[in-house]
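J.: Structure, please.
(one chain, ligands or ions: 2)
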Amino acid sequence: MRDFGDVKKIVVKVGTSTVTYPTGKLNLSRLEKLARVLSDIKNEGRDVVLVTSGAVASGLGRLGLAKNHKTTQEKQALAAIGQGILMQIYEKLFGEYGVVVAQVLLTKDVVDEEKKMLNVKNTFEYLFKYGAIPIVNENDVVAIEELEFGDNDTLSAYVATIIDADLLVILSDIDGLYTCDPRIDSSAKLITEVFEIDSYIESIAGGAGTANSTGGMQTKIEAAKIAMQHGIPMVIANGENPTVVKEILEGKEIGTLFISKNAISR
Ligand SMILES: Nc1ncnc2c1ncn2[C@@H]1O[C@H](COP(=O)(O)OP(=O)(O)O)[C@@H](O)[C@H]1O
Ligand SMILES: N[C@@H](CCC(=O)OP(=O)(O)O)C(=O)O
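T.: Ligands and ions are numbered 1, 2, ... in the order given. Model prediction:
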């Protein structure tokens, strides 16, 4: 039986395939549900952070370009165009529920340099004090190799550790971790709980499922490793209906839960 009733701080990550259509246009009905459920969770008295992908895809969508415009420079420029599109819709949708949002763009140096990490930590703390929902993405424009997370799955796990979250939820276009990629093998079975990332778990995690996404299950397993090392439970679930976040907090057995044995006995 899962019990997340006491969760005070939650990080929710949404992938490109959850927030945009393959055309790169925004999935408005899904974003509306996401803003509603996260506002509701905030109203319950929890601190909420949203880590959102979709900037590059939104840039593609706005310009009406094909998916193959994806050199690093193209992606950086597309992200610069798309990030504003994302923030504009979040500002509008959360605003309808009276929730203040804040844009936080991060690069990997924040986890490598103590002073920067402290600045970021303090900013999150004040945003929570102000009752805001921080909306996080990688700062793609400056994220050259040495500075980059490269994917928002590991970014969300680092954010969870920085704010000392009680739960990380990764919403994707799939129900959770399967015994192999269900897009390739229809006999794949959903794994409901993982207590340790061993070589078997690493071996079954494949790459991205859609052209606009990054990392696939591999980067979600990397995220799980980071979260588990810090004793933070993580759930991968299908973001098709974002109200699933509320159900997860209610303790429903949804998706794949990653939890270290130490965290259970705490
Ligand atoms: N073992 C696995 N279990 C589930 N999905 C897997 C697995 N291996 C690879 N995948 C792929 O990972 C995809 C989800 O990751 P990704 O495409 O990066 O989406 P997102 O944009 O949500 O991050 C799935 O659609 C699936 O095709
Ligand atoms: N920072 C990029 C997201 C990269 C990424 O990890 O995407 P995804 O695999 O869809 O979570 C963007 O906003 O387009």
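J.: Show me the helices in the stretch 1-150 of the chain, by range?
T.: For the stretch 1-150 of the chain, helices defined by DSSP state H, counting those that start in this stretch occupy the ranges 16-19, 28-43, 55-63, 72-96, 109-112, 114-129.
J.: tell me which parts of this protein are close to ligand 1?
T.: 15-18, 172-174, 177-178, 180-181, 183, 204-206, 208-210, 213-217 (Cβ under 6 Å from any ligand atom). The way it works is simple: take the backbone N, C-alpha and C, and place the C-beta from them, glycine included.
J.: Spell out which parts of the stretch 151-266 of the chain neighbour ligand 2.
T.: Residues of the stretch 151-266 of the chain that fall close to ligand 2, judged by Cβ under 6 Å from any ligand atom: 151-152, 213-215.
J.: Mind checking which of the residues of the chain next to ligand 1 are in helices?
T.: 16-18, 204, 216-217 (DSSP state H).
J.: can I get those residues in JSON lines with neighbour count and pLDDT?
T.: As requested, these are exported to JSON lines (neighbours: other Cβ atoms under 10 Å; pLDDT from 0 to 100):
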{"residue": "Thr16", "neighbour count": "25", "pLDDT": "94"}
{"residue": "Ser17", "neighbour count": "24", "pLDDT": "92"}
{"residue": "Thr18", "neighbour count": "23", "pLDDT": "95"}
{"residue": "Ile204", "neighbour count": "15", "pLDDT": "94"}
{"residue": "Gly216", "neighbour count": "21", "pLDDT": "89"}
{"residue": "Met217", "neighbour count": "26", "pLDDT": "95"}
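J.: can you list those in CSV and add distance to Ile236?
T.: Listed next are these as CSV, based on distance: Cβ to Cβ, whole Å:
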residue, distance to Ile236
Thr16, 15
Ser17, 13
Thr18, 12
Ile204, 13
Gly216, 11
Met217, 8
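J.: residue contacts, Pro242?
T.: Counting by Cβ atoms under 8 Å, 6 or more residues apart in numbering, Pro242 touches 14, 18, 30, 33-34, 37-38, 171.
J.: okay if I get the helices of the stretch 1-150 of the chain as CSV plus distance to ligand 2?
T.: Conversion of the helices of the stretch 1-150 of the chain to CSV gives the following (distance: least, Cβ to the nearest ligand atom, whole Å):
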stretch, distance to ligand 2
helix 16-19, 3
helix 28-43, 14
helix 55-63, 3
helix 72-96, 5
helix 109-112, 15
helix 114-129, 17
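J.: Flag the shaky bits of the chain, pLDDT-wise.
T.: Along the chain, segments meeting pLDDT under 70 span 146-147, 264-266.
J.: go with 80
T.: The chain contains residues with pLDDT under 80 at 1, 66-70, 143-147, 209-214, 261-266.
J.: related to what we said a few turns ago, can you add distance to Phe195 and give the helices of the stretch 1-150 of the chain back as a markdown table?
T.: Formatted as a markdown table, the helices of the stretch 1-150 of the chain follow (distance: least, Cβ to Cβ, whole Å):
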| stretch | distance to Phe195 |
| --- | --- |
| helix 16-19 | 26 |
| helix 28-43 | 26 |
| helix 55-63 | 34 |
| helix 72-96 | 35 |
| helix 109-112 | 25 |
| helix 114-129 | 29 |
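J.: Lys252: which of those helices is closest?
T.: Nearest of the helices of the stretch 1-150 of the chain to Lys252, taken as Cβ to Cβ: helix 28-43 at 13.7 Å.
J.: Whichever of the residues of the chain next to ligand 1 end up buried, select them in PyMOL.
T.: In PyMOL syntax, the buried subset of these is picked out as below (16 or more other Cβ atoms under 10 Å):
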select buried, resi 15+16+17+18+172+173+174+177+178+180+181+205+206+208+209+210+213+214+215+216+217
